[in-house]
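>>> structure, please.
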Amino acid sequence: MRVCFVSHSAGKGGAEFALLELLQGLIVEGVDCKVLVPKKGPLLAALDQLHIEWKIIGYPPWWVTRVRRRWMPGRILRTVRTLLLAVPMAKIIAKWECDLVYSNTVAAGAGALAARLAKRPHVWHLHEFGYRDPNLLFDLGKRRTAHMMDRLSTIFIANSYAVVNDYARYINRDKMKVIYQAVTLPNETESSRGDHTTDRSCFTCVIVGSLHIAKGQDEAIRALAEVVRRGIDAELLLIGGSGRRFRKALAQQARDFNLEQRVRFIGYVENPIPYIRMADVVLVCSRWEAFGRATVEAMLTGKPIIATANSGGTTELIHNGKTGLLYEAGDHVELADKIQHLYQSPEEGARLGTAAHIWATGRFTQQRYAKEVLNLLSEALTEGCAAPANNQLEQSDD
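The predicted model follows:
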């Protein structure tokens, strides 16, 4: 089997890490993998290491935008550009003699159109919520986009049941299958460890994720202020980049609470595992989390986790009181209570971390991931080409 994967970026974010895990597993299974990307980026070096052929085509990497950037001409131009560039994409897919096309995220729609033009079945992997973020706007509108996705795809793969429920209002639930992605801890060499010095007499909390309001770093800072007020010597490490405006707001928040020496901005690191290992607790404060690679990484390292109870896929990973602790998102006092509980009961943290490690080990392997995806790819090929393209699209609800 030969598969053309369409990535919305050439970066090294969560979806790209999931793609690399899948590619490694599929190669072992004998699948010939090709990759299309919209521009240059660090993903290409990783593909070269796997000896995977790739090609850059400047298709629009996004067909969603921020509401504050709702500029109609820009949306129209992206749509036209997507339609035009689907043609050379289809030619490459045909030249590569791929059996099917696999779009890695919902962020880019050109792959599905190219698959239709090339008369190949199309599989869409949903790594993210499509409708929970009120600040995101699909260029074609929610209903029209989802209707097009449904018509152009044979099968959808979702990384959690929460994601399935999010899309089920618009996409045929029978076409969506849940497959939990692989999570492989990177090798930790001396050079990758870097400088992770901290005051080990201090109770260390760590959050791994891009600096974004949806990740809840602001809530963690409020909780830290509360536990410090209670007399607990604690600190918070923020592992993640981007979001310069939000980082500035978080820094100001730390100053307002007099926490400048207790909130540390580490920035983006490709390998966050050394920071997770040095933590006393890993916090997952996301307002919505489709899957949670950092959550699984913390589980595999045997660290106790405190996570939001109403953030989608997180509750499929964390069983409250057994493999971690859950709190209601938005309640920083409850979060502070959980942190204090683990501070005062280190044996409880060790128990939760050990149970999480046992539960996660063997569940998120590349072998299992690749086999489950390969079964669905074979199913897609059996079903044949995607549905006819002349179905009339529903009217936008935007």
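>>> all the strands of the stretch 51-200 of the chain, residue numbers only.
Assigned by DSSP state E, counting those that start in this stretch, the stretch 51-200 of the chain shows strands spanning 53-56, 64-66, 100-103, 122-126, 136-138, 155-158, 176-178.
>>> next: the stretch 201-350 of the chain.
203-208, 234-239, 263-267, 281-284, 305-308, 325-327.
>>> which of those strands sits closest to residue 151?
Residue 151 sits nearest to strand 305-308 of all the strands of the stretch 201-350 of the chain, at 34.7 Å, using C-beta to C-beta. Where you see a C-beta, it was placed from the backbone N, CA and C, and this is true even at glycine.
>>> for that closest one, which helices and strands make contact with it?
For strand 305-308, the elements it packs on are strand 281-284, helix 293-300, helix 314-317, strand 325-327, helix 332-344, judged by 3 or more C-beta pairs under 8 Å, 6 or more residues apart in numbering; DSSP states H and E.
>>> out of the ones you listed, flag the one nearest residue 208.
Between the helices and strands packed on strand 305-308, helix 293-300 lies closest to residue 208; by C-beta to C-beta that is 3.9 Å.
>>> centre of the chain versus that closest one, how much separation?
12 Å (C-alpha atoms, centre = their mean, to the nearest Å).
>>> using CSV, write out every CA atom in it.
Provided in CSV are the C-alpha atoms of helix 293-300 (Å, rounded to 0.1, in the frame of the first residue of the first chain):
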residue,chain,number,x,y,z
ARG,A,293,0.2,14.0,24.4
ALA,A,294,1.8,15.8,27.3
THR,A,295,-0.7,13.9,29.6
VAL,A,296,0.4,10.6,28.3
GLU,A,297,4.1,11.6,28.5
ALA,A,298,3.6,12.4,32.2
MET,A,299,1.9,9.1,32.8
LEU,A,300,4.7,7.2,31.1
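>>> tell me, how many residues neighbour residue 361?
12 (other C-beta atoms under 10 Å).
>>> could I get the contacting residues of the nearest residue to residue 201 once chain neighbours are set aside?
Of all residues not flanking residue 201 in the chain, residue 233 sits nearest, at 6.7 Å (C-beta to C-beta, 6 or more residues apart in numbering). Going by C-beta atoms under 8 Å, 6 or more residues apart in numbering, residue 233 touches 201, 202, 203.
>>> so which residues of the stretch 101-250 of the chain form helices?
Taking DSSP state H, counting those that start in this stretch as the criterion, the stretch 101-250 of the chain carries its helices at 110-118, 142-152, 161-167, 190-193, 217-229, 244-256.
>>> residue 270: which of those helices is closest?
Residue 270 lies closest to helix 190-193 among those, at 8.0 Å (C-beta to C-beta).
>>> farthest residue from the center of the protein?
residue 231 (35.9 Å; C-alpha atoms, centre = their mean).
>>> pLDDT value on that one, please?
According to the prediction, residue 231 has pLDDT 96.
>>> my guess is residue 205 contacts residue 235. True?
Yes - using C-beta atoms under 8 Å, residue 205 is in contact with residue 235, at 7.0 Å.
>>> shared neighbours of these two, which are they?
Common neighbours of residue 205 and residue 235, using C-beta under 8 Å, 6+ apart, are residue 224.
>>> those two: who's more crowded?
residue 205 (26 against 20).
>>> list the contacts for the more buried one?
Contacts of residue 205 were listed using C-beta under 8 Å, 6+ apart, and they are 220, 224, 234, 235, 236, 237, 279, 280, 281, 282, 283, 339.
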